[in-house]
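Asker: quick one: sequence and predicted model below, then my questions.
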Amino acid sequence: MTTPTTTPTTTTAPALAPTRESLRRELALARGRGGRVALVPTMGALHDGHASLVRTARELVGPEGAVVVSVFVNPLQFGAGEDLDRYPRTLDADLAVCAEAGADVVFAPAVDEVYPGGDPQVTVEPGPLGTLLEGAVRPGHFRGVLTVVAKLFGLVQPDVAVFGEKDYQQLALIRRMAADLCLPVEVVGAPTVREPDGLALSSRNRYLDAEQRRLATTLSRALDAAREREAYGPGAAREAALEVLASQPAVETDYLVVTEDDLGEVDPARPGRRSGRVLVAARLGTTRLIDNLPLEIPSPNQIRNQIQPDPTLETH
Ligand SMILES: Nc1ncnc2c1ncn2[C@@H]1O[C@H](COP(=O)(O)OP(=O)(O)OP(=O)(O)O)[C@@H](O)[C@H]1O
Ligand SMILES: CC(C)(CO)[C@@H](O)C(=O)[O-]
Ligand code: BAL
């Protein structure tokens, strides 16, 4: 009997840079090859959503470019009582995901490598958008996110940085920071990767027990319900989503909002059909999940045209 031969898939292990100095050396080597540098910031516990960001980064810089993934659980963006201490740290598995997805360098620093003098005295102020939604529930969160992302931009000096749309408000704020502070980096958003049943992949999904995992699809089902009612206007879309959330009392909603695409409040009188967003945050036990989807906001005229006739008033 002959043994079947298979062609082994070869993945090159990325260089692990645990310090600023080793990162600097790896970047010098990469830049010596002449390509562009892409950065994918993460907090580790990597899943297929992160892998898709790495693949997008690779496509953006091509084979001659360098893809750097940072793995750093940033204490500055966690509030008191949040899950900083129990956040999963799985560096060996993360390196395997990075190798498979085509990263060249993994920057995985310790806290004092990023904040050598303790908490920084100068931080990035997120402005009004940073106080809404996630910022309202997690005060100070976006100051921590923007400060560490600004530091990562400073350390890596990427040409392009890739972030997931799953953290839609974070993506909007990072775009805003890059524009307002004239940072020479292109910020690219990538679509949300989901489980077959619709649940958005998230490192925090691993906190869920079997029953909570079953109920976690309530978030994406609520967003789908909003989308199905989008033609009836943002108010009707929101009502439909709230109905789905209310059907599962174990899912405690922090917010469910329909906004303009830039996260501004919807102006119901504004003419013209346009893109909007529906965003949700909810808790299952001690685990907090977020998700969002794009949806269409019809013009006031289009909404009126969609009102279904009341069958009791029908004339024969
Ligand atoms: N399902 C997903 N699809 C695409 N990108 C994602 C997905 N989940 C997270 N990302 C993106 O990966 C980057 C790193 O996020 P992070 O490490 O916090 O992962 P996470 O799974 O969102 O974890 P958490 O559970 O802490 O929210 C962010 O840009 C985030 O938007
Ligand atoms: C962007 C980020 C890596 C900053 O710590 C984090 O907020 C995340 O993982 O989305
Ligand atoms: N994915 C956003 C990081 C956080 O929840 O702190």
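Answerer: Received the coordinates, thanks. Ligands and ions are numbered 1, 2, ... in the order given.
Asker: quick one, strands of the stretch 101-250 of the chain?
Answerer: 105-107, 160-164, 186-190 (DSSP state E, counting those that start in this stretch).
Asker: angle of the second one against strand 186-190?
Answerer: Looking back up the chat, that one is strand 160-164. With axes from the mean of the first three to the mean of the last three Cα atoms, to 10 degrees as the basis, strand 160-164 and strand 186-190 are set at 30 degrees to each other.
Asker: can you list contacts of the biggest helix by length in the chain?
Answerer: The helix that spans the most residues within the chain, counting by DSSP state H, is helix 141-156. With Cβ atoms under 8 Å, 6 or more residues apart in numbering as the test, helix 141-156 has contacts from 20, 23, 27, 37, 39, 41, 68, 70, 72, 74-79, 107, 114, 120, 123-126, 130, 134-135, 161, 169-170, 173-174, 177-178, 181, 183, 185. C-betas here are computed from N, CA, C, even on glycine.
Asker: does it come close to ligand 1?
Answerer: No: contact of helix 141-156 with ligand 1 (Cβ under 6 Å from any ligand atom) is absent, the minimum separation being 9.5 Å.
Asker: pLDDT weak spots in the protein?
Answerer: Scanning the chain for pLDDT under 70 picks out the ranges 1-10, 304-316.
Asker: how much space between the residue lying closest to Val244 once chain neighbours are set aside and ligand 2?
Answerer: Spatially, and ignoring its direct neighbours in sequence, Val244 is nearest to Ala222 (4.1 Å; Cβ to Cβ, 6 or more residues apart in numbering). For Ala222, the distance to ligand 2 (Cβ to the nearest ligand atom, to the nearest Å) stands at 22 Å.
Asker: picking up where we left off before, wait, which of the strands of the stretch 101-250 of the chain is closest to ligand 3?
Answerer: Proximity to ligand 3, assessed across the strands of the stretch 101-250 of the chain by Cβ to the nearest ligand atom, is greatest for strand 160-164 (8.0 Å).
Asker: need the CA coordinates for the closest one. PDB is fine.
Answerer: Below are the C-alpha coordinates for strand 160-164, written out as PDB (Å, rounded to 0.1, in the frame of the first residue of the first chain):
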ATOM      1  CA  VAL A 160      -1.700  51.600   7.100                       C
ATOM      2  CA  ALA A 161      -3.600  50.300  10.100                       C
ATOM      3  CA  VAL A 162      -6.500  47.800  10.000                       C
ATOM      4  CA  PHE A 163      -9.300  47.800  12.600                       C
ATOM      5  CA  GLY A 164     -12.600  45.800  12.800                       C
END
